[in-house]
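*Asks:* Any chance you could fold what I've pasted below:
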Amino acid sequence: MGSLLVFNAKFASVSEGEKSPDSPSTRRMKLNAKFASISNSEGKNSPEAQAAKRLRRYYLQAVARELLPDYRVAECLRAVVPGVGCVNVRYSDKFKRAHYGNLIQCGSVWVCPVCSSKITERRRVEMTEALSRTPLVAVMVTLTFQHSREDKLSDLQRDLSAAHKQLRSGYSWKAFRDKWGVVGAITSTEVTYGLDNGWHLHKHSLYLVREKPDTQAIRNDISKRFEAIMAKLGRYVNPEKGVDVRATDREAPNYVSKWGAAFEMTKAVAKVGKGVHYKPFELLYLKAQGVQWAGEAFREYAAAMKGVNQLRWSPKLRSLLGLGQQLTDGELVEAPEDTDRLLASLTLKQWGVILKREKRGELLEVASTGSAEALQTYLVAVGVYSPIALPVASGYLD
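*Replies:* From the prediction side, this is the model:
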């Protein structure tokens, strides 16, 4: 707990900034500078660096709220559930993390950094466990096509989705599936933005096959059909770059990031772009630094991806892998922890103080010590005063 208290002490000067005439955007720029200094000075996996990442999600969510006032993200983890008169702060002994109760959550994997982190992590864990216990071999197939700065993301998304649907239907798909022993597939969409060529889309599919595959032969089969389908839609697929096929995990453990194939699939929306290509939440970071085009790009992205499934399983595959029915994004963020206990309960007026001072993320970091006493001290320090009640530390709630 000591390291976390030291971490929070590093942010003590922020409270003083709240008394200044700085705008919310200016305060966020200062906070991001603090986050960056902590992340750079500490190891990437240190408690301090991880806490800085969690805090940054809340400040990026605030940027999204300003950009998208008519989206559910504008009320996410701010608005209280109707008919409830308090906001609870709970602690999970299993995951050693604190979370809020009685707050509305948007459940948007595309535009909310906070909800996206929870959704993609839970899906990553589920997929990793499923892949670890199946004898089937996983093959990653990535599809993309040529684009330009003039292309709208909604048009690119429409055409790639249509092409992918056609690729995986009809007699040709059945013949391909039988030839290579494809049992099923899991598909996700990845979006980046480049300064030179605008929006760039990838469609990742994890094919589960019965035997060790000939990835080059699979690529040849897919490329011919994908190129022809996209040509009919008026699009061009580079024969060398349009289709990529690789074995994953057991066959090529160094292919994807440290999370393996499951990370590549579920964390695509959260990855950071390289060079002059930016991931969606990186656009929010740039907007927080005053880069206006990044904000406009994020608005276009939000509109284009609204209603699009981030992860789709082929029929019967989940059952084959011993998984239950797939939960929606909203159901994932609302899923209760196995065991948790109440640390504090805030009145609506007290919660208003937390919102005004943009302390939602910082409050949870203090609460994640699991200490009701530490949280009480923090709430007094930031001007919230005492909560309504503090339960016995060992008392669990249903």
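*Asks:* mind giving me the domain split of the protein?
*Replies:* The chain breaks down into these domains under automatic domain parsing: 2-115+333-381, 134-280+302-320.
*Asks:* Out of those domains, which gets the lowest mean score?
*Replies:* When those are compared on average pLDDT, domain 2-115+333-381 comes out lowest at a mean of 79.
*Asks:* any idea how far that one is from the chain center?
*Replies:* 16 Å (Cα atoms, centre = their mean, to the nearest Å).
*Asks:* What of stretch 229-236?
*Replies:* 31 Å.
*Asks:* Straight-line length of it, end to end?
*Replies:* With Cα to Cα, to the nearest Å as the measure, the first residue of stretch 229-236 is 10 Å from its last.
*Asks:* Can you give the contact residues for it?
*Replies:* Residues outside stretch 229-236 that contact it (Cβ atoms under 8 Å, 6 or more residues apart in numbering) are 145-146, 159, 162-163, 166-167, 237, 242. Backbone N, C-alpha and C define where each C-beta goes, glycine included.
*Asks:* Among these, which lie within helices?
*Replies:* Assigned to helices by DSSP state H, the following of the contacts of stretch 229-236 qualify: 159, 162-163, 166-167.
*Asks:* Mark which of those are buried, thanks.
*Replies:* Buried members of those, scored by 16 or more other Cβ atoms under 10 Å, are 159, 163, 166-167.
*Asks:* Farthest-apart pair in those residues, please.
*Replies:* Between any two of these, the greatest separation by Cβ to Cβ is 12.3 Å, found for 159 and 167.
*Asks:* List the contacts of the nearest residue to residue 303 once chain neighbours are set aside.
*Replies:* Nearest non-adjacent residue to residue 303, counting by Cβ to Cβ, 6 or more residues apart in numbering: residue 154, 6.9 Å away. Contacts for residue 154 were tallied using Cβ under 8 Å, 6+ apart; they are 300, 303-304.
*Asks:* Same check on residue 193?
*Replies:* The neighbours of residue 193, taking Cβ under 8 Å, 6+ apart as the test, are 199-200, 273, 277-278, 280, 283, 297, 301.
*Asks:* Adding secondary structure, neighbour count and distance to residue 58 as columns, could you present those residues in CSV?
*Replies:* Compiled in CSV, the contacts of residue 193 are given as follows (DSSP: H, G, I helix; E, B strand; the rest coil; neighbours: other Cβ atoms under 10 Å; distance: Cβ to Cβ, whole Å):
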residue, secondary structure, neighbour count, distance to residue 58
199, strand, 22, 27
200, strand, 19, 28
273, coil, 16, 21
277, strand, 15, 25
278, strand, 23, 20
280, helix, 25, 17
283, helix, 27, 17
297, helix, 20, 22
301, helix, 20, 20
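*Asks:* Take those and write them to CSV, including distance to residue 120.
*Replies:* Compiled in CSV, the contacts of residue 193 are given as follows (distance: Cβ to Cβ, whole Å):
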residue, distance to residue 120
199, 21
200, 20
273, 17
277, 20
278, 18
280, 12
283, 17
297, 21
301, 17
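*Asks:* those strands in the stretch 151-300 of the chain, which residues are they?
*Replies:* When assigned using DSSP state E, counting those that start in this stretch, the strands of the stretch 151-300 of the chain occupy the ranges 182-194, 198-209, 243-247, 277-278.
*Asks:* Tabulate those strands (JSON lines), appending distance to residue 347.
*Replies:* As requested, these are exported to JSON lines (distance: least, Cβ to Cβ, whole Å):
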{"stretch": "strand 182-194", "distance to residue 347": "41"}
{"stretch": "strand 198-209", "distance to residue 347": "45"}
{"stretch": "strand 243-247", "distance to residue 347": "54"}
{"stretch": "strand 277-278", "distance to residue 347": "41"}
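*Asks:* Which one of those lies nearest to residue 339?
*Replies:* Shortest distance between residue 339 and the strands of the stretch 151-300 of the chain, using Cβ to Cβ, is found for strand 182-194: 30.4 Å.
*Asks:* Secondary structure element holding the most centrally placed residue in the chain?
*Replies:* With distances taken as Cα atoms, centre = their mean, residue 116 lies nearest the centre of the chain, 3.0 Å away. Using DSSP states H and E, residue 116 maps to helix 113-132.
*Asks:* Check which element follows that helix along the chain.
*Replies:* Moving toward the C-terminus from helix 113-132, the first helix or strand encountered (DSSP H and E) is strand 137-143.
*Asks:* hmm, who's touching that next one?
*Replies:* Residues outside strand 137-143 that contact it (Cβ under 8 Å, 6+ apart): 131, 160, 163-164, 167, 202-213, 215, 218, 222, 226, 242-251, 255-256, 261, 264.
*Asks:* Give me the buried entries from those residues.
*Replies:* Of the contacts of strand 137-143, these count as buried by 16+ other Cβ under 10 Å: 131, 160, 163-164, 167, 202-209, 213, 215, 218, 222, 226, 242-249, 251, 256, 261, 264.
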